[in-house]
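[1] the sequence and its predicted three-dimensional model are supplied below.
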Amino acid sequence: MQKDPVCGMLVDENEAAGQRAYQGKAYYFCSPDCLDKFIKAPERFVTPQAPLQQTPPGEH
Ligand SMILES: [Zn+2]
């Protein structure tokens with residue numbers, strides 16, 4: 001099972017309504033609607049892999 005990044009639903013790879021590769025990773029979608037949204041703005045649905053660097057306050 002894969003998570004549809006648009007709506008968060010779990011999608012079976014074999015029954016996905018759509019598939020899209022983005023930044024070397026495959027994403028699966030429950031409906032053509034979700035796929036369409038992803039194609040238009042994938043960066044909205046994919047969280048960056050690198051964790052946010054937290055700088056402690058007062059440190060330079
Ligand atoms: Zn969906």
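    Received, thanks. Residues are numbered from 1 along each chain as shown.
[2] switch to C-alpha atoms for all contacts and neighbour counts from now on
    Noted.
[3] what's opposite R20 in the beta bridge?
    Per DSSP bridges, residues listed as beta-bridge partners of R20: Y27.
[4] pretty sure it is touching A26, no?
    Yes. Using CA atoms under 8 Å as the test, R20 is close enough to A26 to be in contact (5.7 Å).
[5] the two: who's more crowded?
    Taking neighbours as other CA atoms under 10 Å, R20 and A26 compare with R20 leading, 14 against 11.
[6] which residues touch that one?
    26-28, 35, 39 (CA atoms under 8 Å, 6 or more residues apart in numbering).
[7] among those residues, who's most crowded?
    Y28 (26 neighbours).
[8] residues in contact with that residue?
    Counting by CA under 8 Å, 6+ apart, Y28 has contacts 2-5, 11-13, 16-20, 35.
[9] again, only this time at 7 Å
    2-4, 11, 13, 16, 18-20 (CA atoms under 7 Å, 6 or more residues apart in numbering).
[10] now list the buried members of those.
    2-4, 11, 13, 16, 18-19 (16 or more other CA atoms under 10 Å).
[11] can you list contacts of stretch 40-60?
    5-6, 38.
[12] hang on, the earlier thing: narrow the buried ones among the contacts of Y28 to those in strands?
    Taking DSSP state E, the ones among the buried ones among the contacts of Y28 that sit in strands are 2-3, 11, 18-19.
[13] dump these to TSV, plus distance to the ion and pLDDT.
    Below are those laid out as TSV (distance: CA to the ion, whole Å; pLDDT from 0 to 100):
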residue	distance to the ion	pLDDT
Q2	11	95
K3	9	95
V11	8	97
G18	9	97
Q19	11	97
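[14] how about these in a markdown table, adding distance to F45?
    Shown next, in a markdown table, are those (distance: CA to CA, whole Å):
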| residue | distance to F45 |
| --- | --- |
| Q2 | 14 |
| K3 | 11 |
| V11 | 16 |
| G18 | 15 |
| Q19 | 14 |
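[15] in TSV: the contacts of R20, plus pLDDT and distance to P57.
    Formatted as TSV, these follow (pLDDT from 0 to 100; distance: CA to CA, whole Å):
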residue	pLDDT	distance to P57
A26	95	38
Y27	97	38
Y28	98	40
L35	98	41
I39	97	39
